[in-house]
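okay, here's the prediction I keep looking at, along with the sequence it came from:
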Amino acid sequence: MSKSSFNFSSLLLLLLGVSVTFGDDDIDFAKQIKPILTAHCVDCHGSDLQESGLRLDLGGYVLRGGDRGLAVAVGKPSESLLVKVLKEDGDIPKMPMDLDPLTDAQIALISGWIEQGARIPDSEKISNIRRTSDHWAFQRIERPAIPDVRQHEWIRNGIDYFVLSRLEAEGLTPSREASKETLIRRLSLDLLGVPPTPEQVKQFVSDESSDAYGRLVERFLSSPRYGERWGRHWLDLARYADSNGFTIDGPRQVWKYRDWVVEALNSDISFADFTIHQMAGDMLESPTLSQLIATGFHRNTLVNQEGGTDDEQFRVEAVVDRVNTVGSAYLGLTVGCAQCHQHKYDPISQRDFYRLYAIFNNCEDNNDANGMAPKINVPSERQVAVKRQLEDAIAAVEGPLNEHDKKYKAGFDDWLVKVADSGDVKWVALDPSEWTTDKGALLNKLPEDNSLLVDFSVPANDVYNVTYDVDLSQITGVRLQTLSHTSLPSMGPGRADNGNFVLSEFLIEHGEKGSEETTASNIATAFADHSQEGYPVFHSIDGNKKTGWAINVKEGSPNVDREAVYIPVDPIKHENGTRLIIRMRHDHNVANYLVGRFLISVTDEDPKLLEIPASIKEIAKKPVDERSDAEKTQLTKAYQQADKERAPLAKKLAGLRSELDALNRSIPTTLVLKELAESRETRIQIRGDFLRPGAIVTGGVPEVLPQVQNPDEAQPSRLDFANWLLSRENPLTARVTINRFWQRFFGLGIVETENDFGTQGELPSHPELLDWLAVEFIDGDWGIKNIHRIIVTSATYRQDSSISGELLELDPQNKLLARQSRVRLEAEAVRDNCLAAAGVLSTTIGGPGVYPPQPTGIYILTQQKKAWPESQGDDRVRRAMYTYFWRSSPYPLMPTFDAPDSTAACTRRSRSNTPLQALMLANDRAFFEFSQQLATTVLHSKLEGDSDRIKLAFQRCLSRDPSVYELSRLQQYVELQRKRYTANTEAAEAASPSVLPDGISKVEGAAWTATARVLLNLDEFITRE
């Protein structure tokens, strides 16, 4: 039978409802199946558009499937998604949606092809087919030829050939070179983020040597300020912040990553290592501490601490953020547009997005707002040395103590017998006559037992002062009972959330009954029925406010009554009775760790009987088999406390361990990446919904780009991906990075859309220049400082920024580079320049975030009232990049001057021009302080006349001398302010700096503060020319 007659017969039988079994090789995909798919499916599932990631214009794509998984289950048509959607069998609407449905015969034909094995000819296979694009950004980078130019004398390096060639083609000429004053200020602001000092300006201007500018460039590139300036740029991309984000926005500790960035750039790290360490430092062989810290780049994602949220949802969002960040920072592509569907413009499918997602989907972090794991300790060299010393000292004490315990343990049973047989100590519970607190906690006496209960309204820490009248002839011991109560957190006996407390010091004073004079009693020793590890009871009598007695337990409940016995060195004796004062200090560094309810008792019995608390005696009297594990532990500790020879060693060991604990708590931590031992399965998320998993995908990069080379054919790791980013085959990383550098030096990138090198982005203004610099970057071992050196030494960079009316009309954005650009400083640089001009900017690098002055009431409307402990001293005048950054409520200067909110990577800051900016510079308390500090610096100079002082202030602010006109107007202004403040000495007192040189009045100080304020508010001051 011929094939055509078979098909006709088969279709006829199908139309009659008769079951058909197709023979081998009877259905031809290319001739019979593909025409059906082409006619009905490829409008939505073809080469230009792939809904749900499914492409049906080629047999290989049909077999590969889409976002929902395989479209064809070979040999099983009833289980094939392709057949199901054609029959409307399942939760997916019947396809095609906007065309006539397939006939039963056509569906049967497709089913038959699948049942026969879904075979396709070699021409339809896609194993060697990869999506391509002729878009310029996806082409391999090649070194372009240097163009010919006419004005060779203007050329300083390779950059200038490309710029001049374009200018000559447009009939334009370059601008003249900027003045030396402008050049040094421009270079200092661009490379260091602060203006040059008057001394630096004077030295450069007077240096007539041919290499003066080159040597200036080298000095600035080697300055530690360089890492801070360019580190701040990178932190925009890294979305660095000191808090978790979202509504609660709790604090996080990741400032060591910020410091790593600064240090790395100062050390002239190659951009290759800079990238690899941040992407996958943890995956390097034997990674260093520095390489682990670097992985904090991808721990700057947000963490949602709100109750009732799904941690998996926000873990997924963090991974998505990492993909988008890499897309923006390294690829210059809007890959996030493909999270939910095929990219509308660029050749990036949803499958491509989730292949990138798979690379970052194997990290341990999981939106854990409590532990924020994984994280590592990052001790300083001093902390490492001190820790080693303490550990050695602890080992030196533990040895003798262990030996002593082995020998002494033999007497444990005999001691138990003595304890069980000893009589009970008679304690007299005291009734307080007076009670006060130092900081306002309310103590209420409970009538049932005369104990004191701390009321609900309590300060973070406090001192209880309680007076008792005692009729005993002598007092040999004082007992403190801490008692539970229903009003206390977790029943108490402390006021911490878990019922714990930390009693820093227990003090005893005594005097004659009825007398106001008292004497402090020295306490010989203390015993307790239980002490928390690291918080032994003798810490409450050691005179150290940083230590104390606490009662938490590793197992069981801490919320039970506890007692401690304090034995004075000498019995307290007063013939006519004793006036006893007990002071209980609470100085713990965490709030609310106060004793919540307590009772004081005294005794006059033999001190030897007091060493064993009553609760221990009760346990000792129990049969052995009735004692719980916790009770056995209590007996062991009590036995050790009763050991007089052991006590000094135990005290020394506890003290050393307490020091070590305090040191460990003081060691900063930082968030890092850590790969899971077993990879997560990654699936495409239908419409970007993590609750709708689709097809399984493995790690990779968009098909349009050269693929990751992985010899063992395993899923590419983050390390493989990092190496791919820096490979010569990848056409994007070098171009994107060079473009961003250029943007920093000229205000606009060679590609204006610096975050979109895709088909909707702007074309490069100088494509050959971009590629020439990219090749220089790669061939120069990805040297960052080297590229910066090339850029700033070019004639293009050194041009004057003045603009003629003709040039403004022809090239308002300066894309042709016939001049330099005037660029307003970023938020941080505005503040740093004020401090530098005033001469008070701190040179300290790194460390935890600081809290410079800010207006009150910033956090009134936030869900969690943020702490802003205003910094003093050097921390008050640190560079703005070290200011603590709350995502939900940043330091007001930052958003006012367009700093990013750090919720996503920022590739270029916007530049707004608002009245609020002018109001902040003129009236903000911090900026008024800067004016006072500049006035102080000017007045402390040896200059006396107004003219010389104005020139000094101009040099400090603008790196130049004032014009004749400017000098005259400011002289008039200074005199006007003197008259104003002479008439209002109260205003002069408020405006003047507090510290003035001898002989300088408050009126003079106020007048110069006003003058400094004018200079700090000039447009030129906050502009890089």
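Received it, and whenever you're ready, just let me know what you need. Just so it is clear, the structure is predicted and the values come from calculations on it, not from any experiment. Residues are numbered from 1 along each chain as shown.

which element is residue 581 on?
Per DSSP states H and E, residue 581 falls inside strand 578-586.

give the rounded mean pLDDT of whichever helix in the chain runs longest.
Taking DSSP state H as the criterion, the chain has its longest helix at helix 381-408. Averaged over helix 381-408, pLDDT sits at 91.

which elements pack onto it?
helix 646-666 (3 or more C-beta pairs under 8 Å, 6 or more residues apart in numbering; DSSP states H and E). Backbone N, C-alpha and C define where each C-beta goes, glycine included.

helix or strand next in line after the helix it packs on, which one?
strand 669-671.

run through who's touching that next one.
Strand 669-671 has contacts (C-beta atoms under 8 Å, 6 or more residues apart in numbering) with 252-257, 293, 296, 299, 365, 372, 374-378.

give the partner strands of that strand in its sheet and their orientations.
strand 375-377 (antiparallel) (DSSP bridges).

residues of the strand it pairs with that come out buried?
For strand 375-377, burial by neighbour count (16 or more other C-beta atoms under 10 Å) applies to 375, 376.

do you know the pLDDT at residue 614?
On the pLDDT scale, residue 614 gets 74.

just give the closest residue to it, not the sequence neighbours.
Once flanking residues are discounted, residue 614 sits nearest to residue 424: 6.3 Å by C-beta to C-beta, 6 or more residues apart in numbering.

doesn't that neighbour belong to a helix?
No - looking at residue 424 with DSSP: H, G, I helix; E, B strand; the rest coil, it is coil, so not inside a helix.

please verify my assumption that it contacts residue 615.
No - with contacts counted by C-beta atoms under 8 Å, residue 424 stays clear of residue 615, the gap being 11.3 Å.

who's more crowded, those two?
Higher neighbour count among residue 424 and residue 615: residue 615, with 18 against 10, using other C-beta atoms under 10 Å.

circling back: are any of the contacts of strand 669-671 buried, and which?
Buried by 16+ other C-beta under 10 Å: 252-257, 293, 296, 299, 365, 372, 374-376, 378, out of the contacts of strand 669-671.

buried set for stretch 308-324?
Those would be 314, 315, 316, 317, 318, 319, 320, 321, 322, 323, 324, for stretch 308-324 by 16+ other C-beta under 10 Å.

check the buried ones among the contacts of strand 669-671 against residue 167 and report the nearest one.
Residue 167 lies nearest to residue 257 out of these, by C-beta to C-beta, at 42.6 Å.

okay, and that closest one sits in which element?
helix 255-266.

whichever helix or strand comes after that helix - contacts with which helices or strands?
For helix 255-266, the following helix or strand on the C-terminal side (DSSP H and E) is helix 271-280. The elements that helix 271-280 packs onto, with contact taken as 3+ C-beta pairs under 8 Å, 6+ apart, are helix 255-266, helix 289-294, helix 718-725.

go through the ones you listed and name the closest to residue 938.
helix 255-266 (31.1 Å).

other residues contacting that closest one?
224, 226-228, 230-231, 234-235, 238, 240, 242, 274, 277, 290, 293-294, 296-297, 299-300, 378, 668, 670-671, 784, 845-849, 881.

restricting to C-alpha, output that helix in PDB.
The C-alpha coordinates for helix 255-266 follow below in PDB (Å, rounded to 0.1, in the frame of the first residue of the first chain):
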ATOM      1  CA  TRP A 255      30.300  46.200  57.000                       C
ATOM      2  CA  LYS A 256      33.400  43.900  56.600                       C
ATOM      3  CA  TYR A 257      32.300  43.400  53.000                       C
ATOM      4  CA  ARG A 258      32.200  47.200  52.500                       C
ATOM      5  CA  ASP A 259      35.700  47.500  54.000                       C
ATOM      6  CA  TRP A 260      36.900  44.600  51.700                       C
ATOM      7  CA  VAL A 261      35.800  46.500  48.600                       C
ATOM      8  CA  VAL A 262      37.800  49.600  49.700                       C
ATOM      9  CA  GLU A 263      40.900  47.600  50.600                       C
ATOM     10  CA  ALA A 264      40.700  45.600  47.400                       C
ATOM     11  CA  LEU A 265      40.500  48.600  45.200                       C
ATOM     12  CA  ASN A 266      43.300  50.300  47.000                       C
END
